[in-house]
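J.: Okay, predicted coordinates and the sequence, questions at the end:
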Amino acid sequence: MTASPAGSAAPRLSADQFEALFRRLREGVTFGAHDRRGALNHLTPAHVAAAAGEIRAGIAVSLANDIRHREAADNPKPARHQMIGPITPGRTPGDLQFAQDQFAMNVHGDAETHIDALCHVIYHGTLYNGVPASEVREDGAHQLSIDTAHDGIVGRGVLLDIAHARGEPWLELGDHVTADDLLAAEKAQDVRAGEGDLVFIRVGHQARRRERGDWTAAKARVGLHPNAVELLADRHIALLGGDGNSDSAPSLVEGVDFPVHVLAINALGLHLIDYLQLEDLHDHCVRLGRWSFFCTVAPLRLPGATGSPVNPIAVL
């Protein structure tokens, strides 16, 4: 594994270099030809039971952003919320009425917190573990949909706070996170991400948005350098999330717009959570002086879907 010093300019990868990295990571997955759970296999019942010991202060914290219904630079197709059963005026107080509503959303946008299923990324005509792309059809994904995680993902969460480790409120656009950044955050926080962990990486995306306002995140975003994925693969983590979408924009790879998504989802079978809200968790971790916690992630039960809105909960 190669890495650049924390905060330094790591090199772009050529198409050939990226293909070599992709093959190396894919060949390291040894769950068998019929596997459909991917990196969730690293999360065993023993890991889940041990994670309960992370609950000490009894503080529950949401890691999700609000679902936004107004158009913005980073949310050109906002969720739609409609009241379908408003209270009818003129009724007597004793009448029974129900307030009702419905909503629709673009699951894979740049604003709402969502989890990507293993059917989300098609690369070289296949999904994770060589499943043919033809398994994603008009009626949904017939394999590797978010239904793979319908029992939830529960385990030890680890926050690697890159912005905090660098002493900055956020990483500025044009920057990215290297493997050495991850190691430096572990050292600064006295924590180590390991097998079966749910790893969350904070670059300060939401803090910047609150302070500076929205921007076109599809074109300018801080994420991981693709080489950093190799460190996470070596650690056998079970899930990866970030307050951006884990990929830098513009891309650091020639000809591949979302290289981290390709490496994580397609090569490793690693579910990604995009656009987390990690500011509240950051505050609690700083105050308590600890960066690991019990965590539960509960996707909606949506057989055939390529992802799901999600509200992860950390319990410290």
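T.: Thanks, I have it.

J.: Which of the helices or strands spans the one residue sitting closest to the centre of the chain?
T.: In the chain, the centroid-proximal residue (C-alpha atoms, centre = their mean) is Ile273; its distance is 1.9 Å. Here Ile273, judged by DSSP states H and E, is contained in strand 271-274.

J.: Flag the shaky bits of the stretch 101-250 of the chain, pLDDT-wise.
T.: Within the stretch 101-250 of the chain, no range satisfies pLDDT under 70.

J.: Okay, strands next: where are they in it?
T.: Ranges of strands in the stretch 101-250 of the chain, per DSSP state E, counting those that start in this stretch, are 101-104, 114-116, 136-137, 140-141, 153-161, 198-202, 239-242.

J.: re earlier: how far is the strand holding Ile273 from where the chain is centred?
T.: From the chain centre to the centre of strand 271-274 is a distance of 3 Å (C-alpha atoms, centre = their mean, to the nearest Å).

J.: Could you identify the helix or strand that succeeds it?
T.: On the C-terminal side of strand 271-274, the closest following helix or strand by DSSP H and E is helix 279-288.

J.: And that next one, what's buried?
T.: 279, 281-282, 284-285 (16 or more other C-beta atoms under 10 Å). (Glycine included, C-beta is placed from N, CA and C.)

J.: That one packs against which elements?
T.: strand 60-62, strand 153-161, helix 205-212 (3 or more C-beta pairs under 8 Å, 6 or more residues apart in numbering; DSSP states H and E).

J.: contacts for the shortest one?
T.: Outside of strand 60-62, the residues within contact range by C-beta atoms under 8 Å, 6 or more residues apart in numbering are 277, 280-281, 284, 311-316.

J.: And the longest one, by the same measure?
T.: By C-beta under 8 Å, 6+ apart, the residues outside strand 153-161 that reach it are 40, 43, 47-48, 50-51, 54, 182, 185-186, 189, 191-193, 196-202, 238-239, 271, 278, 281-282, 285, 291-299, 312, 314.

J.: if we can go back for a sec, switch the helices and strands packed on helix 279-288 over to JSON lines; also include distance to Arg24 and mean neighbour count.
T.: Shown next, in JSON lines, are the helices and strands packed on helix 279-288 (distance: least, C-beta to C-beta, whole Å; neighbours: other C-beta atoms under 10 Å):
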{"stretch": "strand 60-62", "distance to Arg24": "36", "mean neighbour count": "16"}
{"stretch": "strand 153-161", "distance to Arg24": "23", "mean neighbour count": "24"}
{"stretch": "helix 205-212", "distance to Arg24": "29", "mean neighbour count": "18"}
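
J.: Pipe these into JSON lines and attach distance to Gly125 per row.
T.: JSON lines is the format used below for those (distance: least, C-beta to C-beta, whole Å):
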{"stretch": "strand 60-62", "distance to Gly125": "38"}
{"stretch": "strand 153-161", "distance to Gly125": "28"}
{"stretch": "helix 205-212", "distance to Gly125": "32"}
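
J.: Can you give me the distance of Ile115 to Gly307?
T.: 6 Å (C-beta to C-beta, to the nearest Å).

J.: which of the contacts of strand 153-161 count as buried?
T.: 40, 43, 47-48, 51, 54, 182, 185-186, 189, 191, 193, 196-202, 238-239, 271, 278, 281-282, 285, 291-299, 312, 314.

J.: Sort out for me which of those are in helices.
T.: Among the buried ones among the contacts of strand 153-161, the members falling in helices (DSSP state H) are 47-48, 51, 182, 185-186, 189, 281-282, 285.

J.: just so I have it, where are all the helices in the stretch 1-150 of the chain?
T.: Using DSSP state H, counting those that start in this stretch, the helices found in the stretch 1-150 of the chain span residues 15-27, 45-51.
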